[in-house]
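K.L.:
mind folding the following:
(one chain, ligands or ions: 1)
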Amino acid sequence: MKPIFCGSLVVIFCLVLLTSSVLAQPTRTKVILDTDIGDDIDDAWALAFILAHQNFDLLGVTITHGNTPARTPIATKMLHITGQDKIPVAVGRKTSDGYAYQYTWAENFTAKKPIKQSAADFIVEQVKRYPGEVVLLAVGPLQNVADALRKEPNLGKYLKRVVLMSGCVYGTASNPTKLIREWNVFQSTADSQLVYGAGLPLTIVPLDATTHVRLTEDERKQVRDYKSPLTYALESLYRLWLESPTSKMTLHDQLAVAEAASPSTFFGKKEIVPIVVDAEGYTRIDRERGKPVTVCLEPKRDEFMKYYIGELIHQRLGR
Ligand SMILES: [Ca+2]
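P.N.:
You can find the predicted model right below:
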């Protein structure tokens with residue numbers, strides 16, 4: 001083979017390799033996490049899922065519900081210990097002076113401060129900055145999403161998707177035919193009515209799905225034994241949350257993260273149904289007044305848990 005021809009082949013081969021590696025880069029999903037971190041334990045473990053996941057571009061974290069200023073240091077500290085100080089945290093409207101044990105984990109933490117901009121202003125600004133690209137992932141009561149809608153009624157036109165851990169459409173794992181009120185909805189019913197009625201590109205992960213997925217002691221141990229700053233934080237927060245040695249985390253918010261990361265992958269069934277939030281905070285199917293909502297059902301528990309734990313213990317952050 002002539003040297004020039006051989007050299008050309010090498011150049012072409014390198015170009016093919018370079019092009020294929022660029023094409024193989026997965027598109028990172030721009031996401032804003034709206035969370036009531038600090039009461040139930042799943043929020044902190046959901047934020048960890050996003051931080052550990054390579055395919056998310058986390059634009060910011062917004063803090064909702066109750067004593068929002070007291071919750072905020074948990075999020076800022078988790079970002080700090082994983083080397084993510086550049087990710088902004090915006091505080092939402094305070095609605096109570098409540099306090100919980102998890103807050104003590106970060107109550108003296110000052111190394112990273114939240115931004116001055118309100119949560120709602122931050123959401124509106126970011127979705128307008130990246131029209132059609134942002135997934136708004138809300139896993140707490142809906143004050144911040146509703147406030148963003150009040151500031152920008154056309155919010156839905158700018159959003160790629162809204163994924164909520166929210167509602168109960170048919171029933172729960174313990175009683176599949178008994179509708180109950182879901183916490184995130186009835187804690188702020190008027191805000192929930194506004195969000196469900198706004199015609200957003202809305203997907204919900206309801207109690208119908210989440211109540212089937214609880215953490216086993218073996219799975220908790222797998223995370224604990226990894227011993228990174230992030231997994232130490234998760235175990236510490238878990239211990240502060242435990243009400244009794246037998247308490248088990250239900251992975252409500254993490255399932256919503258999974259749906260944002262990989263739509264439909266971890267659910268056996270999805271339905272589009274018209275839903276309204278009634279005055280008591282029930283999410284009811286209403287064929288006359290309801291707006292279409294995509295509902296995630298039948299979680300693939302073991303497949304999801306393997307994926308989730310794998311992300312947490314293979315994360316490259318904070319080592
Ligand atoms: Ca939550």
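
K.L.:
run a quick neighbour tally on Ala111.
P.N.:
10 (other CB atoms under 10 Å). No exception for glycine: its C-beta is placed from N, CA and C like everyone else's.

K.L.:
and stretch 82-96 with the ion, contact?
P.N.:
No - legend: contact between stretch 82-96 and the ion by CB under 5 Å from the ion is lacking; minimum distance shown is 13.0 Å.

K.L.:
got the buried residues for that stretch?
P.N.:
Using 16 or more other CB atoms under 10 Å as the test for burial, stretch 82-96 gives Thr82, Gln84, Ile87, Pro88, Val89, Ala90, Val91, Gly92, Arg93, Lys94, Thr95.

K.L.:
now it: average pLDDT?
P.N.:
On average, the pLDDT along stretch 82-96 is 97.

K.L.:
how long is stretch 163-170 end to end?
P.N.:
Terminal residues of stretch 163-170 are spaced 19 Å apart (CA to CA, to the nearest Å).

K.L.:
ok, which residues in this structure are in contact with the ion?
P.N.:
Asp36, Asp43, Val139, Gly140, Asp253.

K.L.:
next step: those residues restricted to strands.
P.N.:
Judged by DSSP state E, strands contain none of the residues of the chain next to the ion.

K.L.:
lowest-pLDDT helix or strand in the protein?
P.N.:
helix 3-24 (a mean of 52; mean pLDDT, DSSP states H and E).

K.L.:
if we can go back for a sec, ok, so of the buried residues of stretch 82-96, who is nearest the ion?
P.N.:
Of all those, the ion sits closest to Gly92, with 13.0 Å by CB to the ion.

K.L.:
okay, now Asp121: neighbour count?
P.N.:
By other CB under 10 Å, neighbour count at Asp121 equals 17.

K.L.:
so which strand or helix has it?
P.N.:
Asp121 is part of helix 119-129, with elements assigned from DSSP states H and E.

K.L.:
if we go by neighbour counts, what in that helix is buried?
P.N.:
Ala119, Ala120, Asp121, Phe122, Ile123, Val124, Glu125, Gln126, Val127.

K.L.:
so what touches it?
P.N.:
Applying CB atoms under 8 Å, 6 or more residues apart in numbering, the contact partners of helix 119-129 are 32, 34, 59-60, 62-64, 68, 88, 90-93, 115, 117, 134, 136, 144-145, 147-148, 150-152, 155, 158-159.

K.L.:
quote the end-to-end distance of stretch 81-100.
P.N.:
21 Å.

K.L.:
whoops, stretch 77-87 was the one
P.N.:
End-to-end span of stretch 77-87 (CA to CA): 11 Å.
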